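Novice: please work out how this folds:
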Amino acid sequence: MPKHIFVTGGVASSLGKGLTASSLGRLLKMRGLRITMQKLDPYINVDPGTMNPFEHGEVFVTDDGGETDLDLGHYERFIDENLTRSSNATTGSIYQAVLAAERRGDYLGKTVQVIPHITDEIKRRIRRLATEDVDVVITEVGGTVGDIEILPFLEAIRQFRNEVGRDNVCYIHVTLVPFIGPSGEQKTKPTQHSVSELRGRGITPDVIVCRSEEPLSQNLKRKISNMCDVEERAVINAADARNIYELPLILHEEGLDTHVCRTLQLNTDIDLSSWETLVGQVEAAVRPVRIGLIGKYVELQDAYLSVVESLKHAGFHHGAKIEIDWIQAEDVEGLLASGRLEHLDGMVIPGGFGPRGIEGKIAAAAHARENKIPCLGLCLGMQVMTIEFARHVLGLADANSSEFDPASKNPVIDLMVDQRDVTNKGGTMRLGAYYAVLQPGTKVAEAYGDNVVSERHRHRYEFNYNFRSRFESAGFICSGTSPDKRLVEFIEVTDHPFWVGTQAHPEFKSRPDRPHPLFRELIGASLTYREARSKTTSAVGE
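Specialist: Reported below is the predicted structural model:
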């Protein structure tokens, strides 16, 4: 029977429950255990797919097309396992399932209630991951203890321990130990109140992970142990780290995985060497390279979380320290006039929906193409690169996407014919993993080192195949297409060191010790561009 670990949080949101859970997952995997992970979200949306990025950050897409919470990105990057839509459950999806069952008559006319019907559905979602090829299921409960919407989840995981046995469940509670400046002290009272609230719901944590700016003294750990009724060795301090990939080593040093294995009666040894090598690479990445991220949601950086981490992964590979310049797409045209974009070594134009900022993204793509600045376009980014080339190279001044200008006479980006009659826009989305066949000898094929690849998608509009011959005759290469050749998946230009776009979201598949090929090549080209520019500047100065 698989073991179960439940991670809850208290005091404040954004303490790092997801990173704590992910780090523990990596530590257990380095002990030879087979790990899977799950996020239970208390919001009523069925999934994050329709949520504004300013509300919830990026939507992370799984291979099977699940639109999920961004924490699944952390899970995949740390444990290096591809998760599925089953790894994210929301209050909305749970109630939807229960109400559908009630309409079918599955409850035989009984009164449908939070207990047992909602809690039973939550437990069913947890059990669904407990397959024969998994040793440990780690489940993070979103929100904070004390939130009204979290109560059914806490009741479900409380019941779960009684059903599967006490030795098969470990509860971890992540809380805050703030530093109060005027008194110069770290305070444990928020942790005490949070644990008291959790115990009031029938759950006594086996481990308390204390987030703090600075390390906790042994006296404070002892105080938390006494006041919260946990072993002193089970009070784990997660002080602020230099980078998130150092966290597994910090938590191991604190004894987190050791105590969890003791609680679950798992007798395993650990080999940290691979992760220590990675952290060494992170620390050694010092060559500066400045990448402009031309986005619509830059005010909330979590909207581009996987893009940022993918850039960092590529930086680790090249020994480069990535400096991201967050550029609001709506401001690009003014920034071009001021020379603000002249200092960039490379660009990423990420995905998004809607017309806001599109002209700025097009202007950025033009600046990168004309000045030979390495540029990677992701999803919408590829589409604006296509529009830019059509306008400024092919001379199609009104070229556009039918998403932004339905009346355009040159819709170089358009819906597929078989999508136009679908009234439910969600029904027209390409979601999840799709294969692409790459054209040999192209930059994209050389980057991947293969001619057939699979990438995850989340979009509605496509390259208009009717224009392909005009594009390719001008040096714009459709370097990857769907196996049936109907859909263009990758584009590039012949007279540029790296001006590449993909209809996919490759950022979802990058790993810290295995950067995605497109991001790896972008950073390599950006370093080359920076060095060449530096030599030119030096020569002019002499």
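Novice: so what touches the helix or strand where residue 196 lies?
Specialist: According to DSSP states H and E, residue 196 maps onto helix 189-200. Residues outside helix 189-200 that contact it (CB atoms under 8 Å, 6 or more residues apart in numbering) are 8, 10-11, 144-146, 154, 173, 175-178, 204-205, 208, 210, 224, 227-229. All C-beta spots, glycine's among them, are computed from the backbone N, C-alpha and C.
Novice: give me the nearest residue to the most centrally placed residue in the chain, chain neighbours excluded.
Specialist: What sits nearest the mean C-alpha location of the chain, by CA atoms, centre = their mean, is residue 73, with 3.4 Å. In space, and not counting its chain neighbours, residue 73 is closest to residue 60: 4.4 Å by CB to CB, 6 or more residues apart in numbering.
Novice: surely the one you found is in contact with residue 75?
Specialist: No - counting by CB atoms under 8 Å, residue 60 sits too far from residue 75 to count as a contact (9.1 Å).
Novice: hang on, the earlier thing: buried ones among the contacts of helix 189-200?
Specialist: Buried residues within these, counting neighbours by 16 or more other CB atoms under 10 Å: 8, 10-11, 144-145, 154, 173, 175-178, 205, 208, 210, 224, 228.
Novice: now residue 379: how far from residue 398?
Specialist: Taking CB to CB, to the nearest Å as the measure, residue 379 falls 23 Å from residue 398.
Novice: so for the two, which residue has more residues nearby?
Specialist: residue 379 (23 against 12; other CB atoms under 10 Å).
Novice: so how far is the first residue of stretch 127-147 from its last?
Specialist: 24 Å (CA to CA, to the nearest Å).
Novice: about what we covered before: how far is whichever strand or helix holds the residue nearest to the centre of the chain from where the chain is centred?
Specialist: If you go by DSSP H and E, residue 73 is part of helix 71-79. A distance of 7 Å separates the centroid of the chain from that of helix 71-79, by CA atoms, centre = their mean, to the nearest Å.
Novice: direction included, what does the following helix or strand past that helix pair up with?
Specialist: Per DSSP H and E, the first helix or strand lying C-terminal to helix 71-79 is strand 88-90. As defined by DSSP bridges, the strand partners of strand 88-90 come to strand 35-41 (parallel).
Novice: give the buried residues for the helix ranked longest in the chain.
Specialist: Counting by DSSP state H, the longest helix found in the chain is helix 517-541. Buried positions in helix 517-541, judged by neighbour count with 16+ other CB under 10 Å: 517-527, 529-530.
Novice: how about stretch 320-334?
Specialist: So stretch 320-334, judged by 16+ other CB under 10 Å, has buried residues 320, 321, 322, 324, 325, 327, 328, 329, 332.
Novice: go through those residues and say which is closest to residue 338.
Specialist: Nearest to residue 338 out of these is residue 332 (CB to CB; 10.6 Å).
Novice: so the closest one, which of the three states?
Specialist: helix (DSSP: H, G, I helix; E, B strand; the rest coil).
Novice: measure it to residue 525 for me?
Specialist: Separation of residue 332 from residue 525 (CB to CB): 21 Å.
Novice: does the nearest residue to residue 409 once chain neighbours are set aside sit in a helix, a strand or a coil?
Specialist: Among residues not flanking residue 409 along the chain, residue 398 sits closest, at 5.9 Å (CB to CB, 6+ apart). Three-state assignment for residue 398 (three-state DSSP): coil.
Novice: hang on, residue 398 packs against residue 410?
Specialist: Yes - contact criterion CB under 8 Å: residue 398 and residue 410 qualify, at 5.7 Å.
Novice: pipe the buried residues of stretch 320-334 into CSV and attach secondary structure per row.
Specialist: Putting the buried residues of stretch 320-334 into CSV (three-state DSSP) gives the following:
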residue, secondary structure
320, strand
321, strand
322, strand
324, strand
325, strand
327, strand
328, strand
329, helix
332, helix
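Novice: out of the residues you listed, which comes closest to residue 488?
Specialist: Proximity of the buried residues of stretch 320-334 to residue 488 (CB to CB) peaks at residue 329, which lies at 22.9 Å.
Novice: give me the nearest residue to the closest one, chain neighbours excluded.
Specialist: residue 357 is the one closest to residue 329 (CB to CB, 6+ apart), at 3.1 Å.
Novice: does that neighbour touch residue 330 like I think?
Specialist: Yes - between residue 357 and residue 330 there is a contact at 4.7 Å, judged by CB under 8 Å.
Novice: overlap in contacts, these two.
Specialist: The contact sets of residue 357 and residue 330 overlap at residue 296 (CB under 8 Å, 6+ apart).
Novice: what is the burial count for residue 406?
Specialist: Using other CB under 10 Å, residue 406 is surrounded by 11 other residues.
Novice: thought residue 359 was touching residue 384, still the case?
Specialist: No - shown here, residue 384 and residue 359 do not form a contact pair, counting by CB under 8 Å, at 9.0 Å.
Novice: neighbour count: those two, which is higher?
Specialist: It is residue 384, of residue 384 and residue 359, that has more neighbours when counted by other CB under 10 Å, with 30 against 16.
Novice: tell me the one of the buried residues of helix 517-541 nearest residue 303?
Specialist: Closest to residue 303, out of all of the buried residues of helix 517-541 and judged by CB to CB, is residue 519, at 17.6 Å.
Novice: my guess is the closest one contacts residue 506. True?
Specialist: Yes - the criterion here is CB under 8 Å, and residue 519 meets it with residue 506 at 7.0 Å.
Novice: overlap in contacts, the two.
Specialist: Both residue 519 and residue 506 are contacted by residue 310, under the criterion CB under 8 Å, 6+ apart.
Novice: pLDDT below threshold where in this protein?
Specialist: The model of the chain has pLDDT under 70 over residues 417-428, 537-542.
Novice: any idea which element the nearest residue to residue 325 once chain neighbours are set aside lies in?
Specialist: Once flanking residues are discounted, residue 325 sits nearest to residue 292: 4.7 Å by CB to CB, 6+ apart. Secondary structure assignment for residue 292, by DSSP H and E: strand 287-295.
Novice: export that strand as PDB, just CAs?
Specialist: Taking Å, rounded to 0.1, in the frame of the first residue of the first chain, the C-alpha atoms of strand 287-295 are listed here in PDB:
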ATOM      1  CA  ARG A 287      28.300  34.900 -16.500                       C
ATOM      2  CA  PRO A 288      25.800  37.700 -16.800                       C
ATOM      3  CA  VAL A 289      23.200  37.600 -19.600                       C
ATOM      4  CA  ARG A 290      20.200  40.000 -19.800                       C
ATOM      5  CA  ILE A 291      17.000  38.600 -21.300                       C
ATOM      6  CA  GLY A 292      14.000  40.800 -22.000                       C
ATOM      7  CA  LEU A 293      10.700  39.100 -21.200                       C
ATOM      8  CA  ILE A 294       8.100  40.900 -23.300                       C
ATOM      9  CA  GLY A 295       4.900  40.200 -21.400                       C
END
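Novice: which elements pack onto the very next helix or strand once past that strand?
Specialist: Where DSSP H and E defines the elements, the next helix or strand beyond strand 287-295 is helix 305-318. When contacts are defined as 3 or more CB pairs under 8 Å, 6 or more residues apart in numbering; DSSP states H and E, helix 305-318 packs onto helix 71-79, helix 273-284, strand 287-295, strand 320-328, helix 517-541.
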